[in-house]
Each structure stands twice: as structure tokens, then as C-alpha cells.
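Colleague: With the input below, show me the fold.
(chains A and B)
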2 protein chains.
Amino acid sequence: MDAVIFRGPFDVAVERRPKPEIREPTDVIVRVRVSGICGSDLHAYRGHQKTEGGYIMGHEFVGTVEKVGNDVKFFTPGENIVSIFSPCCMKCWYCLQGLTNRCTFGAAFGFAALDGGQAEYVRIPHADGTLRHAPVGLDDRLLIMMADIFPTGYYAASRAIEALQMQKVSRLTSFSKQDDGLRTVSGSDLRDLTADSVLVCLGCGPVGICAIAAARSKGIKTIFAVDSVKDRLDEAKVLGAIPLQLGVEDIGERVRAATDGRGADGVIELVGNQAALRSAFDLLRPAGVLSSVGFHQAELPFTGLECYLKGLTVSFGRVPVATVFDAALGCLKENAEALKHYVTHELSLSQAKEGYELFEKHKARKVILCM
Amino acid sequence: MDAVIFRGPFDVAVERRPKPEIREPTDVIVRVRVSGICGSDLHAYRGHQKTEGGYIMGHEFVGTVEKVGNDVKFFTPGENIVSIFSPCCMKCWYCLQGLTNRCTFGAAFGFAALDGGQAEYVRIPHADGTLRHAPVGLDDRLLIMMADIFPTGYYAASRAIEALQMQKVSRLTSFSKQDDGLRTVSGSDLRDLTADSVLVCLGCGPVGICAIAAARSKGIKTIFAVDSVKDRLDEAKVLGAIPLQLGVEDIGERVRAATDGRGADGVIELVGNQAALRSAFDLLRPAGVLSSVGFHQAELPFTGLECYLKGLTVSFGRVPVATVFDAALGCLKENAEALKHYVTHELSLSQAKEGYELFEKHKARKVILCM
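Modeller: Residues are numbered from 1 along each chain as shown, chains lettered A, B, ... in the order given. This is a model prediction of the structure:
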């Protein structure tokens, strides 16, 4: 079969490889229909993440079940599926807690330890936990977002929104008798509690766009979308966010003006450098919530004293896709119309090299490879 | 009246001062019965927190309502009360959100901006939000804990436990159809979800002891209590924690042994230095939760990459006492028997200087001044 091989920084090529076979009874072989190029593929492509070459790239793919191992319960040949970006066994302690992103299986698709899905076929370990049936009627261009970027954006937004809801729930359920008037709202929908919260999304690449869509679906009326790239801000605006271009607008001033000078209730940070993380901190009001998905290598750009005085809550790290899949999918469907043109480049597998180059140079919003 | 005056580092004295009067129609004058010396009084006493001298110290006090302003609705002369450590107006945006610790009134008792309660009388601004009626039958030695240390410990524990519960609720409510078996538990009590979680309390001074009591009341079975002071660990053990003495036990080893090598689900950090915060981080499992109440001045002792790889959630800062008061009080009552000997020194107001010296040198577990 043909497959996209990582040979070293800025060097990918389509090569012939043996078609994968069932190795474990929990494996499924998938015939890939569409495979995406994701921002996190660029970590290795740009050489930031050091890896040995020679493996098949790609962790975003949709396709058809070709073969199933003897212990696979939920999938049969011919079914349309989307895969989660990393296998989850659904048996280890972490999976059973819902922390499927910490599955002890430990390998993600498209790295040296596990061949990825930018290929005609791919082997799926722990397929019952890792695959999801494709919902009827959802275009592959949208479905492929469910492998990684949509759940990641959904989770980034949810973490911030849920933490803000918890702040309000505490008020509603715990207020003393002398504030009975306030307690009567406790039956209201969680969604209503944060409808007037003000969020900022720092970074409007693919995951940022998904985070904005999710936040809108969760009822947040005011979302500021911050980026330097005009095309990204246009897309954010289509989804209902207020675009703020870096270097053009005074971001802090705009956010404070919308919050009586307090600052944002929550910030979703998707950039991954110290300047962005510091901006996120500064944009937050006291007791605000920071959801950081950006991949940060350096020191944290705020002191313990600043965190204490701000009363900061901050979450880092990856999404447990299996845990949020259904909720995120519902949210994607609600935003299907606005996102239907999100994929800008549909190339063939043989054009993978060109696809990587376009995406790396920000000349494509989203590239998919079609078999 | 007599009052404890802060004159400078390591220098407090009982001096005569005018009895306070009603200034605003929302004020109450309280005749103090018992006033506590709190760990946070030591920040100024030790000179770590620079303040001008000359004010009345103390933010923990219980007493009797003496006079009420014309706009006070909930209190009448003769009623027994406990005060929250800083006034909350219940009218500003933050108070209405339940973030009463961020009230725009902005002053805490016992600092230059607002005289405290280590005195025969004290003026309470925004008394309807700031005071709470004393429950019948609760001894002043326990009630005074409700001014600060018990809600602070309660909140420190709650933040960690609620974040862990949210992780589990996400699993229960969001799992895909192929995991229907898991979803059927969704009606179970939140408390049950974290019964088997493993917590570590780093620092077992007064707030740590309260945090342990709260965590036990919230159903946590395994709490490791870490401190270097033997007397504190004995108290932690009475409350049901597993004492681990710093420098004697291998803390990490003990926690890993209790968690199949994973690390603690949550750590409550109450020490306030970099070594403690780093230990807290290292003791946590992947996707663990850190609740930091310690007052940190320096850089955070972990990098962005470490936070990303750990999948850390961390909260900093102070408790909104008004918001958690009722829940914390219920918890204190459940632990009344175990905590009834917690106050080790009952002195007269005139012995305040001695009380500060004993407490500062760790020769007293808790000092109260009785009028």
C-alpha cells in the first residue's frame, strides 16, 4: 500500500509499505478514506519534536472497517468509522476513570511506536475503545475533525466553562439562609449560569475555531477571538466570535471594556508560548479560569504570588477524546453549517508532500488527503 | 476599650483605644467575647508583610451584637455572632457571583485599612453580608474556627475533591453508547465518586487540620498528612489521616505504594514555599489536581512542559467564606468531637503579647484571647 513516511524534518514522502495485519485479537484493520494533516504533525515535521524517521504519519482519519480481530465486539467489516487520535484500551485504571488520554497503552498514531493513518490501511489497537461509528449523514470533511481537533477544542472550552459553572453552583447551593433570595435560582440550567460569561480564545487555528464553536454551543454569548492571521479571524467571526487582530486592536482594552474593567471570566490559550500564556493571565479577572492547551516548553510566566492574588484556576494538557466524544459530536453537528467550508485543501495521498508544505506555511487552513 | 495594637515586627501591645461607633447605616458594633490569633496574623508580626503600625489586629472573633445601623436587616442587639475574616458587601459584582473573597470593599479586619477584633469591641462594615448567627450549642472554641481557618481548610479540600468529581462526572455522563455499562452509575452520589481517591495534605497546621477534617467529612477514605511537627501529625491522625513525618518517612514511596505507583489523585498544599509546591507536583498522578492555599512569593517550581505532560489542574488563592459558610459549618459540627481540644491556649486579652510569642514559636497549636 501507499503511505506517508516521515523521513526527517521537512521531509515526508509517499512510499510503498506492507498492508498491516491483525496482530492482537482486539485489533481492527481500517481501510482509510480520508486522512488529515494536523497542527501537531508539525511538531515532528518542523523538527521541534525529535523522533526517529521511518514511520507512517497521521492521527486523524476516517474509513471503513476491513478486518476485525476475534475479541472485537462493537465493529464489523464494512462499517464506517472515525478513530480517536490515540488508542484507549478501556481496561486500565485511567481509561476506567474516563482519563482515556492517559491510557497506559501509551502510544499515539503516527509516531515511531505506532504507524498512523496517512496510508491506505491502518491497524487500530484496542479498537473497541479507539474507534467510533460514523454518524449517518455527516460529511467526512467534518467527521475527520472528531479524531482530534474538535474534541480538543471542545475540551479546552468545556474546562473553562465548567469551572466557571462550578463557581456559580457553589454560590447557588451554599449561600447562607440570609441570602435565600439567591438560592431560588438553583434549579436553572447550568448553561444559563455562564451565558453572560466573557471568554477569550487566544489563537484561532483549527483547534481555536473548534473551541469557539463549542463555547457558542454551550451558550456563551461573548467570545473574543484573538489571532494575527486575518483569515482565521474571519472564520471565528462566522462562528459568532468578536475578532480582535493582534497588533491592530488593544486586546486588553477591548476585554476590559466588555467587563466593566474586570477582565475575562475565562481564557482559552492555544498558542503555546510564554507571551501568549502571560497575555492569558493578564486578560483574566480575579478568580478567573485559564484553560491551556498550547504546548509550552519553558517556565511559567507568572509567579506564585501573582497566582495567589489572582485566585487563578488553570488546567493544562490533552483531551480524553473517548470521554467527551458524544458531547463534542453533538456540538460539531450544531456547527456543521458554519464549519462546512473549513477544509480548504483536498489532495490525493500522493500529494502529501505538497499538503505538508502548504499547511506548514499557513497557506492552507486545513488539508485532508483523500484515498 | 483595650485593644491589641500592631506596633511593628515582633511588637504587639495592649493599648487603650476609643470604643468604635456606627459610621455607616450598614455597620454593626460587636462586643467581642473571644478573638483568635491566626497564622496569617504572623505575616505582619514576623515582618514578611510590610504594614504601617498603629492598628488593631485580629480577623477571627466571635461576640455579641451591641449596636446596629439603620440599614441592617438580619441582626439585632444581643445576638451571638461570628464574623467572616473580611467584609463582603453582597452588592458588588463579585459578591453576587459568590466570589465574596473578591468583594470590592477590599479591606480585611486587622490591617491598617480596617481595625480588627483583638479588642473589646469591633466595627463590622456591611454587617448583613459579613456576620453569621452563632448556631445554638456550638462552643466558642469551635465557632471561632468559622471566621477563617475552617472555611479555608474546607475550601482547600473541596476544590480538589470537586475537580476530581468533575473528572468522574464527565466519564459518567459523556461516555459513548458502546460503554453503556459505565453510564448506569450516573445517579450515584458525588461523594461516592471520590470515596477511593487518595489525597495528600502538605502542611498540618490549623488550616491543614481543618482541610483533613473536611476531606474526611466528604467521604475521602485515604488522606496522607505530611508535616515535620509530631504534635500536628498526632492531631491529623485523630481526624483519620495517615501521618507521614517529613524527614522520617519517604513520602513519595508511601503515596505511590497506596496508588499502584500512580501518585495521589489530589494534593492540598498549605505550606507556602517552592519546595512544598514542587513536592505537591511530584506527588500527583497524571491528570491530578492541586489545591494550593499556601502564600507563594516566588516563581512556580514547574515548567509549562511539565504541566502539559502531567495534565495538571491547579487552583490558587483565598476562600469565599460567605459562599461556603453553611457547608463548612455542617462539616465542622461533624468533626466537633475530634476538634474540641484543638485550642491549646486560652489567654486574657492582656496576655496577647505572650500569646503571639507562643504561637509564633510553634509552642501553641491555637491561641485564643478571651475578654
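
Colleague: Please count neighbours and contacts with C-alpha atoms only from this point.
Modeller: Noted.

Colleague: Tell me which residue is most central in chain A.
Modeller: For chain A, the residue nearest the mean C-alpha position is A:T152 (1.9 Å; C-alpha atoms, centre = their mean).

Colleague: Quick check, pLDDT for it.
Modeller: A:T152 is assigned a predicted lDDT (pLDDT) of 96.

Colleague: Just to check, it is in contact with A:V319?
Modeller: Yes - at 5.5 Å, A:T152 counts as touching A:V319 under the criterion of C-alpha atoms under 8 Å.

Colleague: Who are the contact partners of A:T76?
Modeller: A:V65, A:K67, A:V68 (C-alpha atoms under 8 Å, 6 or more residues apart in numbering or on different chains).

Colleague: Look at the residue nearest to the centre of chain A and tell me its secondary structure.
Modeller: The assignment at A:T152 comes out as helix when based on DSSP: H, G, I helix; E, B strand; the rest coil.

Colleague: For it, give me its contacts.
Modeller: A:V207, A:C210, A:A211, A:R318, A:V319, A:V321.

Colleague: what would the residues you listed look like in CSV with pLDDT, distance to B:K237 and neighbour count?
Modeller: Shown next, in CSV, are the contacts of A:T152 (pLDDT from 0 to 100; distance: C-alpha to C-alpha, whole Å; neighbours: other C-alpha atoms under 10 Å in any protein chain shown):
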residue, pLDDT, distance to B:K237, neighbour count
A:V207, 95, 47, 25
A:C210, 96, 48, 29
A:A211, 97, 46, 27
A:R318, 89, 37, 25
A:V319, 93, 38, 24
A:V321, 94, 40, 30
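
Colleague: give me the subset of these touching chain B.
Modeller: When those are checked against chain B using C-alpha under 8 Å from any C-alpha of the partner chain, the ones in range are A:R318.

Colleague: Out of the contacts of A:T76, the closest to A:K366 would be?
Modeller: For the contacts of A:T76, the closest approach to A:K366 (C-alpha to C-alpha) belongs to A:V65, at 25.0 Å.

Colleague: wait, doesn't that closest one sit right on A:G78?
Modeller: Yes - counting by C-alpha under 8 Å, A:G78 is a contact partner of A:V65 at 5.2 Å.

Colleague: who's more crowded, these two?
Modeller: A:V65 (24 against 13; other C-alpha atoms under 10 Å in any protein chain shown).

Colleague: looking at this, the more buried one is in a helix?
Modeller: No - read with three-state DSSP, A:V65 is strand and lies in no helix.

Colleague: What residues are bridge-paired with it?
Modeller: Note on A:V65: beta-bridge partners by DSSP bridges are A:V30.

Colleague: With A:L202 instead?
Modeller: Beta-bridge pairing for A:L202 (DSSP bridges): A:V226, A:E269.

Colleague: Wait, it touches A:I268, no?
Modeller: Yes - using C-alpha under 8 Å, A:L202 is in contact with A:I268, at 6.0 Å.

Colleague: Any residues of the stretch 1-150 of chain A in contact with chain B? List them.
Modeller: Residues of the stretch 1-150 of chain A lying near chain B (C-alpha under 8 Å from any C-alpha): A:F74, A:Q97, A:G98, A:L99, A:R102.

Colleague: In ChimeraX, select just the buried ones from these.
Modeller: The command below creates a ChimeraX selection of those among the residues of the stretch 1-150 of chain A next to chain B that count as buried (16 or more other C-alpha atoms under 10 Å in any protein chain shown):
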select /A:97,98,99,102
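
Colleague: Among the residues of the stretch 1-150 of chain A next to chain B, which lie within helices?
Modeller: Per DSSP state H, helices hold no members of the residues of the stretch 1-150 of chain A next to chain B.

Colleague: Can you tell me which of the residues of the stretch 1-150 of chain A next to chain B is nearest chain B?
Modeller: A:G98 (4.7 Å; C-alpha to the nearest C-alpha).

Colleague: distance of the closest one from B:L164?
Modeller: A:G98 sits at a distance of 11 Å from B:L164 (criterion: C-alpha to C-alpha, to the nearest Å).
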